[in-house]
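J.: From the sequence below, what's the structure:
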Amino acid sequence: MFVNNNMELNKGEKFMEYVSFIVLILALYLIVLIIKRFEDKSRKVLTMEEVEHLIV
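T.: Purely as a prediction, here's the structure:
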């Protein structure tokens with residue numbers, strides 16, 4: 001009975017490791033999105049699409 005309880009604890013720990021890994025990946029992705037958006041707002045160079053829009 002003690003061994004089964006220990007195995008269930010290990011399964012729970014593995015599950016928490018997977019959950020924390022997924023949360024870490026999502027947090028890094030969110031940071032990258034925020035940095036990209038900040039760079040897009042602060043840049044001074046026009047993209048080709050913006051130049052075409054200005055010409056037309």
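
J.: Select the longest helix from this protein.
T.: Ordering each helix of the chain by length in residues (DSSP state H) puts helix 2-42 first.

J.: can you tell me the average pLDDT over the next helix or strand after that helix?
T.: Next in sequence after helix 2-42, counting helices and strands by DSSP states H and E, comes helix 48-55. Helix 48-55 shows a mean pLDDT of 76 in the predicted model.

J.: May I see the buried residues of helix 48-55?
T.: Within helix 48-55, no residue counts as buried by 16 or more other Cβ atoms under 10 Å. All C-beta atoms are positioned from the backbone trio N, CA, C, and that covers glycine.

J.: Figure out how far it is from the centre of its chain.
T.: Distance, stretch centre to chain centre, for helix 48-55: 31 Å (Cα atoms, centre = their mean, to the nearest Å).

J.: where's the longest helix of the chain relative to the chain centroid, distance-wise?
T.: That offset, for helix 2-42, works out to 9 Å (Cα atoms, centre = their mean).

J.: Contacts for stretch 32-50, please.
T.: Where contact means Cβ atoms under 8 Å, 6 or more residues apart in numbering, the residues beyond stretch 32-50 that reach it are residue 54.

J.: start to end distance for that stretch?
T.: 23 Å (Cα to Cα, to the nearest Å).

J.: chain center to it, what's the gap?
T.: The chain centre lies 19 Å from the centre of stretch 32-50; the measure is Cα atoms, centre = their mean.

J.: For the longest helix of the chain, what does the pLDDT average out to?
T.: 80.

J.: Which of the residues in stretch 15-27 are classified as buried?
T.: For stretch 15-27, it's none, nothing buried (16+ other Cβ under 10 Å).
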